[in-house]
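> coordinates only, no sequence provided:
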């Protein structure tokens, strides 16, 4: 929704344990780094197809989210746009299924949306009600932060470490 | 008897599963099931009630603001706290902008493709589509060249061998029968709707400080300091930005969304006969006009058994007719026990057992009003308003019914809205009505500020003992209520009875089916392997059940999600 050309978007439900990984990484980034005006760093929760307005004007998107994979909890994986879109979206029963693919494809049909997409994913342990990350996921936060910083550098808009970093505002875990 | 299970369990958690038994080409029995336990309410226990809304708006990623609004209203109700007029109007504008956004997205991006055949749109003629559009609406963006550009874009997608977002539609299904020109027009408006939903979202962002999770609420009012000359506060610049965005969205709703629903609906008149289901309707009043919540711009009430003469209004934020008559049953839900209790007295103790058609089969509880299942959502609100003589509801509903009747060449009456198609029509009617109210409430806010009133907040005071409160909100998907028990300034019990819980409710102790289940009975099924008709009826309710968890499946294998047994 801002004038930024690069979006760093954390996805996930902060009340559902490890599903908070994306928002947790976003808060960690905001607490430790300063970003140029062309970068927007946001926790968008679980917006489903409502993600579309936030990505329409972006040239590049870095998503941080939990991912389903056979690997052990806390494993981080990255995926590019083509890998995300390899499988077609499935039939929706509820219109509010996650919808990252759907959001990217919808923006594409409108001739908009980011050309470059990197998903930084972590395999969750427990996604049951709770406001803490499991130890495996907490250990994965710095790795995901590093992936995001590397991507921003590659995109020509590196983040700067704060001279006086503050603790991340993990308000939901207080 | 064949059984169809629609169960996207391989992809997401926390979703909806629908089972139907089919015989002779129509549905004979149905079950709706929520497939994940949430129980998020337990996170609130022991917390400060002034912060509850910040957590409740995280219940769901799509219905964020609605849980924030219901939560502050519940705590205010417990304290008997009135809120300043400015705070009501600002909340109302957020509520309306969010609802317009939500309804437009639901129609064009989430459910239109149940009715619109995108592949057939390629055979549409831009000139004929343009002529049709211009006969229905003064909208300036229906020109032949603009529609041709949409067709070229779509053709480019199809020629590239990828339908992208449209890859999984039931194209060419025998139940799809819009003419190609109408399909093309719908795709054209699908693209435009993307722009207008953004504008509605921007209104929420300006007034709520942020989206999708707003930051400007407080128990007792709002946190939008008002100073017309200060850049950092709610000032005239921001108010005019809100007005110009609202005006654009209102034009889209009145000149595109409503006419489209009427035109497309008129070509599927058979769907006025399917999908009625539970015809007990519940809607709560909303858009309060006073500090107490006793006068409203949206009416609420109940209608029982589809009989309009049973209409009974709900008239205030404290109305005992609502408060005393809501209960939830767990007879067929995966919780410990078989009770039916008032929300203040409920517990949430999960006890999962296997699926049993005659036993427990859902994580969703079964809300009941005076012991009866109720349908909630725009159809309930429109019927309650129509029967209660609410002028804007009548005016917009009559206009929509007249348009449908003239295109379909049959007389369509309010009684025919008890149907799958009726739910779509009612959602468009409601959107047209609240669009008009957006402009009214903007003016109410500006006029009130012009009088010199800049109050936004009355501080809450918590007594040492126990207080109980409920807050309701007529959300895009229908009646939402939050119920809070507060002891010494801390939350002792909290329950949210959400619209999709009413509609996706399983059976209760008396084996009364919930609205989804009942609405599927008698639905035609042309092809059990492609149960488009089931999706049409379920989507018409605008279900929201799946947003609690957000694990992506980028390596996702394609696994059958529709099983015809």
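Received the coordinates, thanks. Everything numeric here is computed off the predicted structure, so don't read it as measured data. Numbers count the residues shown, from 1 in each chain, chains lettered A, B, ... in the order given.
> and the residue of chain A found nearest chain B, how close does it get to residue B:254?
Using Cβ to the nearest Cβ, the single residue of chain A nearest to chain B is residue A:46, 2.8 Å away. In short, each C-beta sits where N, CA and C put it, glycine included. Using Cβ to Cβ, to the nearest Å, one obtains 31 Å as the distance from residue A:46 to residue B:254.
> quick one: which of these two has more around it?
Between residue A:46 and residue B:254, residue A:46 has the larger neighbour count (other Cβ atoms under 10 Å in any protein chain shown), namely 31 against 19.
> just the pLDDT for the residue most central in space within chain B.
Centroid-nearest residue in chain B, with Cα atoms, centre = their mean: residue B:477, separated by 2.1 Å. We have a pLDDT of 95 for residue B:477.
> who's in contact with the residue lying closest to it once chain neighbours are set aside?
Nearest residue to residue B:477, sequence neighbours excluded (Cβ to Cβ, 6 or more residues apart in numbering or on different chains): residue B:499, at 3.7 Å. With contact set as Cβ atoms under 8 Å, 6 or more residues apart in numbering or on different chains, residue B:499 has these partners: B:376, B:377, B:475, B:477, B:478, B:479, B:480, B:544.
> count the residues that sit near the third one.
In this case it means residue B:475. Number of residues near residue B:475 (other Cβ under 10 Å) recorded here: 27.
> could I get the phi/psi values of it?
Backbone torsions of residue B:475, given as degrees, to the nearest 10, read phi -80, psi 170.
> show me what the host helix or strand of residue B:480 is packed against.
Using DSSP states H and E, the element containing residue B:480 is strand B:478-487. Under the contact definition 3 or more Cβ pairs under 8 Å, 6 or more residues apart in numbering or on different chains; DSSP states H and E, strand B:478-487 sits against helix B:64-79, strand B:281-283, helix B:378-387, strand B:466-475, strand B:490-497, helix B:499-503.
> deepest-packed of these, please.
Mean neighbour count, computed with mean count of other Cβ atoms under 10 Å in any protein chain shown, is highest for strand B:281-283 among these, reaching a mean of 30.
> helix or strand for residue A:144, which one?
Counting by DSSP H and E, residue A:144 is part of helix A:135-154.
> likewise for residue B:507?
With DSSP H and E as the test, residue B:507 turns up in no helix or strand.
> count of neighbours near the spatially closest residue to it that is not a sequence neighbour?
What sits nearest to residue B:507 in space, not counting adjacent residues and going by Cβ to Cβ, 6+ apart, is residue B:332, at 4.7 Å. Residue B:332 has 26 neighbouring residues, counting by other Cβ under 10 Å.
> do the same with residue B:511
Neighbourhood size, residue B:511 [other Cβ under 10 Å]: 9.
> not counting sequence-adjacent ones, nearest residue to residue 166?
Just going to use chain A. Once flanking residues are discounted, residue A:166 sits nearest to residue A:31: 5.1 Å by Cβ to Cβ, 6+ apart.
> hm, I was asking about chain B
For residue B:166, ignoring the flanking residues on the chain, the nearest one in space by Cβ to Cβ, 6+ apart is residue B:118 at 4.6 Å.
> and that neighbour, how close does it get to residue A:85?
Using Cβ to Cβ, residue B:118 is found at 18 Å from residue A:85.
> ditto for residue B:114
Between residue B:114 and residue A:85 the distance, using Cβ to Cβ, works out to 23 Å.
> residues in contact with residue 146?
Just so you know, I chose chain A. For residue A:146, the contact set (Cβ under 8 Å, 6+ apart) is empty.
> actually chain B
With Cβ under 8 Å, 6+ apart, residue B:146 has these contacts: B:130, B:188.
> tell me which element it falls in.
Element membership for residue B:146 (DSSP H and E) is helix B:144-159.
> next one: residue B:275
Going by DSSP H and E, residue B:275 is not in any helix or strand.
> show me what residue of the stretch 351-500 of chain B gets nearest to chain A.
Nearest to chain A in the stretch 351-500 of chain B, going by Cβ to the nearest Cβ, is residue B:500, at a distance of 8.3 Å.
> from the stretch 51-200 of chain B, which residue is nearest to chain A?
At 2.8 Å from chain A, residue B:61 is the closest residue in the stretch 51-200 of chain B, using Cβ to the nearest Cβ.
> now that residue: phi and psi?
Residue B:61 adopts backbone torsions of phi -80, psi -10, taken as degrees, to the nearest 10.
> how far away is the one residue sitting closest to the centre of chain A from residue B:87?
Closest residue to the average C-alpha location of chain A: residue A:64 at 2.2 Å, with Cα atoms, centre = their mean. Distance from residue A:64 to residue B:87, counting by Cβ to Cβ: 35 Å.
> now do the helices in chain A.
With DSSP state H, the ranges of helices along chain A come out as A:21-32, A:52-55, A:81-84, A:100-109, A:135-154.
> neighbouring contacts of the first one?
This points to helix A:21-32. Contacts for helix A:21-32 (Cβ under 8 Å, 6+ apart): A:8-12, A:14, A:35, A:41-43, A:45, A:63-66, A:120, A:122, A:124, A:133, A:137, A:140-142, A:144-145, A:148-149, A:159, A:161-162, A:165-170, A:172, B:550.
> repeat that for 6 Å
Contact with helix A:21-32 is made by A:10-12, A:14, A:41, A:43, A:64-66, A:122, A:133, A:137, A:141, A:144-145, A:162, A:165-166, A:168-170, as judged by Cβ atoms under 6 Å, 6 or more residues apart in numbering or on different chains.
> one step back: and the residue of the stretch 51-200 of chain B closest to chain A, how many residues sit next to it?
The number of residues packed around residue B:61, counting by other Cβ under 10 Å, is 28.
> that one contacts residue A:43, correct?
No. Here residue B:61 does not reach residue A:43: they are 10.7 Å apart, not a contact under Cβ atoms under 6 Å.
> quick check: neighbours shared by those two?
Joint contacts of residue B:61 and residue A:43 (Cβ under 6 Å, 6+ apart) do not exist.
> now the buried members of the contacts of helix A:21-32.
Neighbour-count burial (16 or more other Cβ atoms under 10 Å in any protein chain shown) applied to the contacts of helix A:21-32 gives A:10-12, A:14, A:41, A:43, A:64-66, A:122, A:133, A:137, A:141, A:144-145, A:168, A:170.
> strands - which of those residues land there?
If you go by DSSP state E, those have A:10, A:11, A:41, A:43, A:64, A:65, A:66, A:122 in strands.
> contacts only, for the fourth one.
Residues counted as contacts of residue A:43 (Cβ under 6 Å, 6+ apart) are A:10, A:23, A:26.
> with adjacent residues omitted, what lies nearest to the second one?
Put plainly, it is residue A:23. With Cβ to Cβ, 6+ apart as the criterion, residue A:23 has its nearest non-adjacent residue at 4.0 Å, and that residue is residue A:43.
> give me the pLDDT for the one you found.
Looking at residue A:43, its pLDDT is 96.
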